[in-house]
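# Have a look at this fold, sequence not included:
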């Protein structure tokens, strides 16, 4: 994996964590997401 791809994936991970982290617990619940799952979801989205 090259440096540019790694940086792109890291940015996508951070953006996803940030966006989901700003959501309320109710919004997350409506999406079927538990707050403790945010990092795992972001990791999967950045691959």
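All right, it came through fine. The structure displayed is predicted, hence computed values, not measured ones. Numbering: from 1, shown residues only.
# And the contacts of the helix ranked longest in the chain?
Looking across the chain with DSSP state H, the single longest helix is helix 3-22. Here helix 3-22 makes contact (Cβ atoms under 8 Å, 6 or more residues apart in numbering) with 28, 33, 38, 39, 41, 42, 43, 45, 46, 47. Backbone N, C-alpha and C define where each C-beta goes, glycine included.
# who's in contact with the fourth one?
This means residue 39. By Cβ under 8 Å, 6+ apart, the residues touching residue 39 are residue 17.
# Against residue 14, how distant is it?
As judged by Cβ to Cβ, to the nearest Å, residue 39 and residue 14 stand 11 Å apart.
# How many residues are close by residue 25?
Neighbour count of residue 25, defined by other Cβ atoms under 10 Å: 10.
# What's the separation between it and residue 10?
If you go by Cβ to Cβ, the gap between residue 25 and residue 10 works out to 26 Å.
# Next one: residue 47, what pLDDT does it get?
Note for residue 47: predicted pLDDT of 88.
# Ok, residue 1 next?
So residue 1 comes in at 63 (pLDDT).
# show me the contacts for the spatially most central residue of the chain.
Centroid-nearest residue in the chain, with Cα atoms, centre = their mean: residue 42, separated by 2.5 Å. Each residue near residue 42 by Cβ under 8 Å, 6+ apart is listed here: 12, 13, 14, 16, 17, 20.
# And the last one, how far from residue 38?
Just to be clear, that refers to residue 20. With Cβ to Cβ as the criterion, residue 20 and residue 38 are 5 Å apart.
# Touching both of these two, which residues are there?
residue 28.
# List the buried residues of the host helix or strand of residue 41.
Using DSSP states H and E, residue 41 maps to helix 38-45. Within helix 38-45, the residues that count as buried by 16 or more other Cβ atoms under 10 Å are 38, 41, 42.
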